[in-house]
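>>> Structure for this input, please:
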Amino acid sequence: MSAVRVRRHEVTLLPTSARVIFRPFIPADVQRITAIVGRALALTEREVVRQLRRVRREFDGRHVDTESSLHAHYEKVKQHVFTQSPLSHERQLLIGALFSGEYALESAAIFNPSIVPHPDQNDVPSGGLRFIMSLRATGEGHISSIEFRTGNITPDGSISLDPVSRFVAAPEIVPNPRYDKKRFVIKLREMGLDDDHTAAVMAPLGETFTRTDLNQSVDTVVSREPQPATHELHRTLQSVEWLADCNYELRFSDKLAMSERIIFPVSPNETNGIEDARFVRFIDDDGSAMYYATYTAYNGRDILSQLIETEDFRHFRILTLNGSAVQNKGMALFPRRIAGRYAMLSRQDDENLFIMFSHSPYHWNDPELILRPQEMWESVKIGNCGSPVETEAGWVVITHGVGPMRKYCIGAALLDLNDPTKVIGRLREPLLSPNGRERDGYVPNVVYSCGSLLCGRELILPFAISDRASAIASVSLDDLLAALQSRAD
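Next up, the predicted model:
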């Protein structure tokens, strides 16, 4: 074990089944949908009111806005309502309830945390810090989403979390998002779409365009082509729509507490989960701040690295990343530019740690190897535990290593401040290893983190416990730097 003393705080986040959201519960078979709708249409209006009253009595107290969710799910099956007669509002809501179900977001696990300074530091005492922690929540079917917690670090180093609401609410999906044409075209080319059909769709669009603009361009191309559409045209249009769906915007009501906000999978490339978001507060050269997070989108078959950006944790933009280096998991952005360029840690080969540079946070190529497995506790593979932390001695990179018996430990390395391709030193022994009850969980013998931060001279390190729960530790920065500098590569 490392000689650096680690303080484990009396803060533990355990999964609960009480926090639930509405999800569509719609059969794939159209005949079943029609049969269910038919049963609702056969009820008298009095029976409709009675049944809806029962639904509301059972579920209103479990959700922020039951009615809006039921109506949204009615809209999803509205096309199968086989009657020309107008339906009462109550009957619409009851049909929505028949095609709805609750999903317990964190019934299985709440883990892999990252931590950033809260945008609002008003009334925080000198030497203290208010923070936002992101967490991967996993429920039925192992579908992962992003939850948030807020808390405070006092000047004496004590850490507390704010009370958590039992309510959770999904955001509004912004109906007409805007796209950057250059990035959109680059991604289409990476997908192997560089044909006449693609050019015909993209040519009329401006440097930025909306989903409505894109739909109009697609309709124009389709109207010019002989019918039925060729396989090539169908493939192009399907891919254009897929890419547009993967780039979207979300907006939460400012009335929701941070713990009530949930980012649940939306696009087709993340149907099985949004995994391991690594948030970082990025300060640009002009002093402006943006919160970025890389995450892994998983559809049950393939993974895709994506980017989240937000200024206020209320309005989020979700974007695909471009470039040949956008592979594997574990991309983590540096918190500022280095010599005018963005920098990112990555792991292209599922074994070693790489670094890459770019003039854009959305496009990444040419990864350079900086760390290989060295010690036995990291001999299977290594990766990062979130974005590097800037110090006067260099960039502190919290790492994870996998060793015998698939045991995950947390380590650290120090990179040169001006040239982070240079490794100054790394710990020979783990900084943090699973012990005691930390060894037991969905995936045993794992400690893991997606991000840390500095508060004064203490490094605050939230970490996951065996893919089930989360805790918080802290380390003296001075002790850690001394150990890293005494163990130069």
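
>>> that's a helix at Val221, yeah?
Yes - using DSSP: H, G, I helix; E, B strand; the rest coil, the secondary structure at Val221 is a helix.

>>> Looks like it contacts Ala200 (just checking).
Yes - using C-beta atoms under 8 Å, Val221 is in contact with Ala200, at 4.9 Å. Backbone N, C-alpha and C define where each C-beta goes, glycine included.

>>> So if I had to pick from those two, which one is more boxed in?
Neighbour comparison, Val221 and Ala200: the larger count goes to Val221, with 23 against 17 (by other C-beta atoms under 10 Å).

>>> who's in contact with that one?
197, 200-201, 233, 237 (C-beta atoms under 8 Å, 6 or more residues apart in numbering).

>>> From Tyr342, how far off is Ile274?
Applying C-beta to C-beta, to the nearest Å, the value for Ile274 to Tyr342 is 22 Å.

>>> Could you measure from Ala42 over to Phe316?
On the measure of C-beta to C-beta, Ala42 and Phe316 end up 43 Å apart.

>>> So for the two, which sits in the more crowded spot?
A count of neighbours by other C-beta under 10 Å puts Phe316 above the other of Ala42 and Phe316, at 22 against 8.

>>> In contact with the more buried one: list those residues for me.
Per C-beta under 8 Å, 6+ apart, neighbours of Phe316: 171, 249-251, 263, 308-310.

>>> rerun at 7 Å
249-250, 263, 308, 310 (C-beta atoms under 7 Å, 6 or more residues apart in numbering).

>>> Helices of the stretch 51-200 of the chain, residue ranges please.
66-77, 89-98, 181-190, 196-202 (DSSP state H, counting those that start in this stretch).

>>> Nearest to Trp377, out of these?
Between Trp377 and the helices of the stretch 51-200 of the chain, the shortest gap by C-beta to C-beta is with helix 181-190, which sits at 36.7 Å.

>>> tell me what that closest one is packed against?
Applying 3 or more C-beta pairs under 7 Å, 6 or more residues apart in numbering; DSSP states H and E, we find helix 181-190 packed against helix 196-202, helix 231-246.

>>> and it, what's its mean pLDDT?
In this model, helix 181-190 carries a mean pLDDT of 94.

>>> What of stretch 153-173?
95.

>>> buried stuff in it?
153, 157, 159, 161, 164, 167-171 (16 or more other C-beta atoms under 10 Å).

>>> In CSV: those residues, plus distance to Gln348.
Listed next are the buried residues of stretch 153-173 as CSV, based on distance: C-beta to C-beta, whole Å:
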residue, distance to Gln348
Ile153, 35
Gly157, 38
Ile159, 35
Leu161, 36
Val164, 37
Phe167, 41
Val168, 35
Ala169, 37
Ala170, 33
Pro171, 32
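
>>> Report the contact partners of Thr294.
Neighbour list for Thr294: 278, 305, 307, 331-333 [criterion: C-beta under 7 Å, 6+ apart].

>>> which one in the contacts of Val221 is the model shakiest on?
For the contacts of Val221, the least confident entry is Leu233, with 88.

>>> Any idea how many residues pack against it?
Leu233 - counted by other C-beta under 10 Å - has 19 other residues nearby.

>>> Please identify the helix or strand for the nearest residue to Glu270 once chain neighbours are set aside.
Nearest residue to Glu270, sequence neighbours excluded (C-beta to C-beta, 6 or more residues apart in numbering): Ala297, at 3.8 Å. Assessed by DSSP states H and E, Ala297 sits inside strand 289-298.

>>> Next: Thr34.
helix 30-41.

>>> quick one: buried residues of stretch 243-251?
Buried-residue list, stretch 243-251, by 16+ other C-beta under 10 Å: 243-244, 246-250.

>>> possible to save those as CSV with distance to Arg457?
Formatted as CSV, the buried residues of stretch 243-251 follow (distance: C-beta to C-beta, whole Å):
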residue, distance to Arg457
Leu243, 45
Ala244, 47
Cys246, 42
Asn247, 40
Tyr248, 41
Glu249, 39
Leu250, 36
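
>>> Of all pairs in these, which one is the farthest apart?
That would be Leu243 and Leu250, which, of the buried residues of stretch 243-251, are the farthest apart (C-beta to C-beta) at 17.7 Å.

>>> how much distance is there from stretch 310-318 to the middle of the chain?
Centroid displacement of stretch 310-318 relative to its chain, using C-alpha atoms, centre = their mean, to the nearest Å, is 12 Å.

>>> Extract the CA atoms of that stretch and return them as CSV.
Coordinates of each C-alpha in stretch 310-318 appear next as CSV, following Å, rounded to 0.1, in the frame of the first residue of the first chain:
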residue,chain,number,x,y,z
THR,A,310,-23.3,22.6,-20.0
GLU,A,311,-22.7,25.9,-18.4
ASP,A,312,-25.3,25.6,-15.6
PHE,A,313,-26.3,21.9,-15.2
ARG,A,314,-29.8,22.9,-16.5
HIS,A,315,-29.3,23.0,-20.2
PHE,A,316,-27.2,20.2,-21.6
ARG,A,317,-25.9,19.6,-25.2
ILE,A,318,-25.0,16.0,-26.1
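
>>> Please identify which of Ile274 and Tyr342 sits among more neighbours.
Shown here are Ile274 and Tyr342; by other C-beta under 10 Å, Ile274 has more neighbours (25 against 21).

>>> Provide a list of residues in contact with the residue nearest in space to the middle of the chain.
Centroid check for the chain by C-alpha atoms, centre = their mean gives Ala277 as the closest residue, at 4.2 Å. Shown in contact with Ala277 (C-beta under 7 Å, 6+ apart): 114, 134, 146, 293, 295, 308, 450.

>>> Save the residues you listed as a markdown table, and put in pLDDT, neighbour count and distance to Phe354 too.
Formatted as a markdown table, the entries for the contacts of Ala277 read as follows, by pLDDT from 0 to 100; neighbours: other C-beta atoms under 10 Å; distance: C-beta to C-beta, whole Å:
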| residue | pLDDT | neighbour count | distance to Phe354 |
| --- | --- | --- | --- |
| Ser114 | 98 | 27 | 20 |
| Ser134 | 98 | 27 | 24 |
| Ile146 | 98 | 25 | 25 |
| Ala293 | 98 | 28 | 19 |
| Tyr295 | 95 | 28 | 18 |
| Ile308 | 98 | 21 | 21 |
| Cys450 | 98 | 32 | 18 |
